[in-house]
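J.: only geometry, no sequence info:
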């Protein structure tokens, strides 16, 4: 094969070396516009997983890299004059310049032709004259731009400014320095890369950057290779105590806006993207060089394993795209955490350290406990003591999810909530035995708070004919049977979620076609504006008049009175998912030109009026919460910033907490779906508004629950599908964590089932000494000590 590689960075060179070894007869040429000794940046960090792949793919490259590695285990978080350390992480870093030298040397040994200070021929020419063209030409890829229609790139500019610098101060661990300044919060990411220097990245939100006056220093476009010396001088001043007399080193150092690169497709014919040309991920979860070298390894393997280039490129894209998308989700969570860093500065240093460790959601409570059990024990103890002080109770020795919580004046035995889930089993709005077993079973299963499905305030406010209601005394009486059972047989509290379907009403039950209109028995649907949920499919709703608004408000008030009579402990107003009150809040669905439309304040007016009217009749000692959609996931819809304003308005009206969901307002939505994907919205509201939040959305393990609570991102976690899978999920989570206490009480008739059933033995007994040693754990706290490494 004739292979052309555009870009002589680590990704391109590593692929060239691997491909040449696997196919010695391949004619491989690399074009690099810069000189051989040019490099922009300082150090590169690798994970153990990546290093394992490199070691097996090319032991010689690995051997040369390993000789140069700076290795350490600890992460130090410097925050508020305190340093909190977490160990057991395992890092290996190398100078970027030295890495390039190793890869260049290996390519030369293998007979790869590398042209430095040379622009590659056009990609069209290379594609015509070569079997394969690898576009490893970086963030500003000309290949990607040339074939933009084929690759479908998106470049998302983020809200932080950062600058790559180096220093001759050799850090002994990974360092986060959090600096509170009069202008806002700034941070340094630092790590050693050899015996002589460290990478020193300064980052801050763009608003802080402007407030600090960096915009006045960075007033002109800098030439390639030129550094922003004025800004660097200011950095020296700001972080002089961190540098402790050491130098700051520049290398093409200037302020950068991080750009997340995504591509719908990675190939066009025989042209394939690799590294930053295909994707970027924020540096806070790992280096772009690491991802590029992983791409190179996968591409070389696919070419070797398959008979045709076409099949190999298809397999490469499928293999790497899934991995990269997962990495980018984690990177997105991490970069958003740093963009909003200012909202965490009131946290205790221990909680802050746990928060920063788990920011990407890849590292969790249990994962950290394996790496550094002492650190996790310290944070868990702090959380328990802080919670006990807030409740004026003795300290509860329990994992975070089993710590008690006070919501308004309502005491909950733990932090687990059964999320509202529509069952579509009611007859004329009346719940039946199915609802008693469904919700009663979840209460017996250990959850601290059990929520009904959305209970509708009128017959025409139902989503489907199978939805429950509370518009009659008969319905309230049946609900009373359920609440009495929960209170009599369990330690759980039970809440009711009240709502009106709005334009999403008069549809079939879920298993007959979600959001599909009824074939017969339709009822008129209403909304703030006459906009169908799906034009041509769903009804065009009637626009509500002022008289209609008052009548529906009264329906909500009557529902609140009946909910109290029915014995519910908590009332949640449903202002999410595109139902009536949600439709008032979103600009996608509210086009009114009276006092109930227009800007966000106007669109919030009616939901707030309804909430206030209900709060007046709902007993003062019982809390009210509000479920909102924190984003519509559609351009022009509600944003995360809007959600903060919405939450603050409901807080002022008397809400005890916000139940933070998202979307389902428009069928055009494109949610960033993934594990715990809605949690950042709850996090933002909790820490910016100062109001308890309930996190919901693909929270599927007790590890996730403990992680979110301990990091201070939410106060309660609502779980739906896991409780459908296992109604006793909370009790089983307690067993898995060896917890037995007031936060997870087994019903007396079930106490014999508190141990897992025995299963068939799958292995022989292990030696006694092995069992003894398995009970021991010593956290690795290795620091980078160059002198010690050199003496080995």
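T.: The structure has been received and is ready for your questions. Bear in mind that the values here come from a model prediction, so they are computed numbers and not experimental data.
J.: Low-confidence bits of the chain, can you list those?
T.: 761-777, 788-792 (pLDDT under 70).
J.: OK, contacts around the closest residue to residue 429 other than its chain neighbours?
T.: Distance criterion C-beta to C-beta, 6 or more residues apart in numbering; nearest residue to residue 429, sequence neighbours excluded, is residue 469 at 2.8 Å. C-beta coordinates here come from the backbone N, C-alpha and C atoms, glycine included. Residues in contact with residue 469, defined by C-beta atoms under 8 Å, 6 or more residues apart in numbering, are 426, 428, 429, 430, 455, 456, 457, 458, 459, 461, 462, 475.
J.: can you list those residues in CSV and add neighbour count, secondary structure and distance to residue 268?
T.: Compiled in CSV, the contacts of residue 469 are given as follows (neighbours: other C-beta atoms under 10 Å; DSSP: H, G, I helix; E, B strand; the rest coil; distance: C-beta to C-beta, whole Å):
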residue, neighbour count, secondary structure, distance to residue 268
426, 24, coil, 54
428, 12, coil, 59
429, 23, coil, 57
430, 16, strand, 60
455, 31, strand, 54
456, 28, strand, 52
457, 29, coil, 55
458, 20, coil, 56
459, 15, helix, 57
461, 28, helix, 52
462, 27, coil, 51
475, 22, helix, 61
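J.: residues contacting the spatially most central residue of the chain?
T.: Compute the mean C-alpha point of the chain, and by C-alpha atoms, centre = their mean the closest residue is residue 333, 4.1 Å away. Contact partners of residue 333, counting by C-beta under 8 Å, 6+ apart, are 359, 360, 361, 680.
J.: tell me the two of these that are most distant?
T.: In terms of C-beta to C-beta, the contacts of residue 333 reach their longest pairwise distance at 360 and 680, which sit 11.2 Å apart.
J.: circling back to that earlier point, list the buried residues for the helix or strand that contains the residue nearest to the centre of the chain?
T.: In the assignment (DSSP states H and E), residue 333 maps to helix 309-339. By neighbour count on 16 or more other C-beta atoms under 10 Å, the buried set for helix 309-339 is 309, 312-313, 315-317, 320-321, 324, 327-339.
J.: How far off centre is stretch 612-624?
T.: 34 Å (C-alpha atoms, centre = their mean, to the nearest Å).
J.: Tell me the secondary structure at residue 626.
T.: Under the three-state scheme (DSSP: H, G, I helix; E, B strand; the rest coil), residue 626 adopts strand.
J.: quick one: it and residue 661 touch, right?
T.: No. Taking C-beta atoms under 8 Å as the definition, residue 626 is not a contact partner of residue 661, at 10.7 Å.
J.: contacting residues around residue 33?
T.: Residues near residue 33 by C-beta under 8 Å, 6+ apart: 117, 118, 119, 120.
J.: hmm, 10 Å instead?
T.: Neighbouring residues of residue 33 by C-beta atoms under 10 Å, 6 or more residues apart in numbering: 6, 7, 8, 115, 116, 117, 118, 119, 120, 137, 138.
J.: all strands of the stretch 601-750 of the chain, in order?
T.: 624-629, 657-661, 693-696, 716-719 (DSSP state E, counting those that start in this stretch).
J.: and the angle for the longest one with strand 657-661?
T.: Yep, that's strand 624-629 we're talking about. 20 degrees (axes from the mean of the first three to the mean of the last three C-alpha atoms, to 10 degrees).
J.: list the residues that contact both of residue 360 and residue 680?
T.: Common contact partners of residue 360 and residue 680 (C-beta under 10 Å, 6+ apart): 332, 333, 336, 337.
J.: any idea how far residue 140 lies from residue 117?
T.: 18 Å (C-beta to C-beta, to the nearest Å).
J.: which among the contacts of residue 469 gets closest to residue 48?
T.: For these, the closest approach to residue 48 (C-beta to C-beta) belongs to residue 455, at 51.2 Å.
J.: Can you tell me how far residue 377 is from residue 628?
T.: Using C-beta to C-beta, residue 377 is found at 36 Å from residue 628.
J.: which of the two has more neighbours?
T.: residue 628 (28 against 11; other C-beta atoms under 10 Å).
J.: For residue 496, give me its contacts.
T.: Counting by C-beta under 10 Å, 6+ apart, residue 496 touches 420, 451-455, 468, 470, 479, 482-483, 559-560, 562-564, 566-572.
J.: Report the buried members of these.
T.: With burial judged by 16+ other C-beta under 10 Å, the buried subset of those is 420, 451-455, 468, 470, 479, 482-483, 559-560, 562-564, 566-572.
J.: So residue 420 is in contact with residue 451, correct?
T.: Yes. Residue 420 is in contact with residue 451 according to C-beta atoms under 10 Å; the separation is 4.6 Å.
J.: joint contacts of the two?
T.: 495, 496, 497, 572, 627, 659, 718, 720.
J.: In a markdown table: these, plus distance to residue 72.
T.: Converted to a markdown table, those look like this (distance: C-beta to C-beta, whole Å):
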| residue | distance to residue 72 |
| --- | --- |
| 495 | 48 |
| 496 | 53 |
| 497 | 50 |
| 572 | 48 |
| 627 | 45 |
| 659 | 42 |
| 718 | 39 |
| 720 | 42 |
